[in-house]
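Trainee: Mind looking at a prediction? Sequence and model below.
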Amino acid sequence: MAGQFAGYQNEIYLQGYGGTAPPFTTDATRLEAAAAELMGPEAYSYVAGAAGSGATASANRAAFDRWRLVPRMLTDATERDLSSTVLGTPLPAPVLLAPVGVQSIVHADAERATARAAAALGLPVVLSTASSTSIEDVAEASGDGPRWFQLYWPNDPDVCGSILSRAREAGYTALVVTLDTWTLAWRPSDLDSGYLPFLQGEGMAVPFSDPVFRSRLDKAPEDDLPSAVLRWISMITGTDRGWDALAFLREHWDGPIALKGIQHPDDARRAADAGMDGVVVSNHGGRQVDGAVASLDVLPEIVAAVGDRLEVLFDSGVRTGADVVKALALGARAVLLGRPWVYGLAHGGEDGVRHVLRSLLADLDLTMGLSGHRRITELTPAVLRRA
Ligand SMILES: Cc1cc2nc3c(=O)[nH]c(=O)nc-3n(C[C@H](O)[C@H](O)[C@H](O)COP(=O)(O)O)c2cc1C
Ligand SMILES: CC(C)CC(=O)C(=O)O
């Protein structure tokens, strides 16, 4: 197990990085800057953008900086095993690819490239309902790789049931239900450019390939795109459903279910009361409520509230190996990574995503070892100090 991921460091040095594999950097900030040059300005603004003033997106990063690792010496951490099981899925490391919609605006290979890169490393993709590739096509690209499905919850029960059964059929094992985006937030950069990918039919592969959704339309999407898009958007927006409605999902999904976008311990308790298997503590990477609390700042209290009843996953702001260690030490069972691999996709399709993931895993592996930790279970709040 020694160097299972850290070996990528040697590979990079040996090939004289500067280098042969895209995207030519291992640093999250430079990666984003280089992606900005490659992507169209609208697509870049959409991916990088945040709600409002960007206060929550910045707060997500600042929260990591308030915690520091305290490395231990002579612990014999040369042999390391980062493996873990998350919502029933055995993983080589507790890292997942966060659900990210409309990947066709970033690279022509879109979700297929991402699925292949993740499968090569044994990390799960969480396929977005707003995917630009169908559930079945991504499953094929993912092959034997682990895959989960993220639901934007249609208020038409038959459409919802149809999408869920397709995902189960296609081998997606866990369901992530996103609750924080029942309507899009105020996003100034997209508003200023008037850019909303969905209105151009991007990110519609899941509903448009669904026979039950299609039966709800007067005209097929191929004949009347705007009406089909608006019909779908009207199905997934609104908060007409309450906590009781989770019973429907429990009935229609026989695998684990996690609720994404949880930021308050009482909501986490309600998730547990509703028989959910997990929550994802997340503020959607600062893309929804501007001024919302940093995701990492609420993680400890949510773990304290429900950590013994369900699995607490985490996202928003993870950029480095040390960030992963900090979130796991504060009680996260696993972390989801968002924007960085999307920038990798922009750079080099499958190779770019793989490079970003391998870089993060190598950094995580080395940070664990150099801090004196051999296993994920050794990460507790005791390995951190407040800065
Ligand atoms: C371009 C983009 C599209 C996203 N699409 C979805 C989506 O379809 N479903 C979802 O639950 N979250 C979506 N998210 C949110 C991510 O799953 C995740 O919560 C967030 O990106 C994590 O923050 P990070 O980017 O700082 O790592 C999206 C994020 C971005 C940047
Ligand atoms: C609204 C979604 C379809 C995409 C999303 O989650 C996002 O842009 O943050």
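Mentor: Arrived safely. Ligands and ions are numbered 1, 2, ... in the order given.
Trainee: Any regions of the stretch 251-387 of the chain where pLDDT drops low?
Mentor: Low-confidence segments of the stretch 251-387 of the chain (pLDDT under 70): none present.
Trainee: Which residue is it, in it, that comes closest to ligand 2?
Mentor: R287 (4.3 Å; C-beta to the nearest ligand atom). The way it works is simple: take the backbone N, C-alpha and C, and place the C-beta from them, glycine included.
Trainee: Verify the contact between that residue and G52 for me.
Mentor: No - checked against C-beta atoms under 8 Å, the pair R287 and G52 is beyond contact range at 9.9 Å.
Trainee: Grab the nearest non-local neighbour of P92.
Mentor: Spatial nearest neighbour of P92, excluding adjacent residues (C-beta to C-beta, 6 or more residues apart in numbering): G122 at 4.7 Å.
Trainee: for A108, same thing?
Mentor: Nearest non-adjacent residue to A108, counting by C-beta to C-beta, 6+ apart: G349, 7.8 Å away.
Trainee: ditto for D240
Mentor: Using C-beta to C-beta, 6+ apart, the nearest residue to D240 is N155, at 6.2 Å.
Trainee: tell me the contacts of that neighbour?
Mentor: N155 sits next to M235, I236, G238, D240, R241 when contact means C-beta atoms under 8 Å, 6 or more residues apart in numbering.
Trainee: Of those, which belong to helices?
Mentor: Among those, the ones falling in helices (DSSP state H) are M235, I236.
Trainee: are any of the contacts of N155 buried, and which?
Mentor: M235, I236 (16 or more other C-beta atoms under 10 Å).
Trainee: So for the contacts of N155, which is the shakiest by pLDDT?
Mentor: Across the set of the contacts of N155, D240 stands lowest in pLDDT, at 84.
Trainee: about what we covered before: okay, now the residue nearest to P92: neighbour count?
Mentor: 15 (other C-beta atoms under 10 Å).
Trainee: how many neighbours does the residue nearest to A108 have?
Mentor: G349 has 21 nearby residues by other C-beta under 10 Å.
Trainee: which is the next helix or strand following the helix or strand that contains it?
Mentor: Using DSSP states H and E, the element containing G349 is helix 339-371. On the C-terminal side of helix 339-371, the closest following helix or strand by DSSP H and E is strand 384-386.
Trainee: Relative to that following strand, what are the paired strands and their orientations?
Mentor: According to DSSP bridges, the neighbouring strands of strand 384-386, each with its direction, are strand 67-69 (antiparallel).
Trainee: I would like the residues contacting the partner strand, please.
Mentor: Outside of strand 67-69, the residues within contact range by C-beta under 8 Å, 6+ apart are 296, 322, 325-326, 329-330, 367, 371, 383-387.
Trainee: got the buried residues for it?
Mentor: By 16+ other C-beta under 10 Å, the buried positions in strand 67-69 come out as W67, L69.
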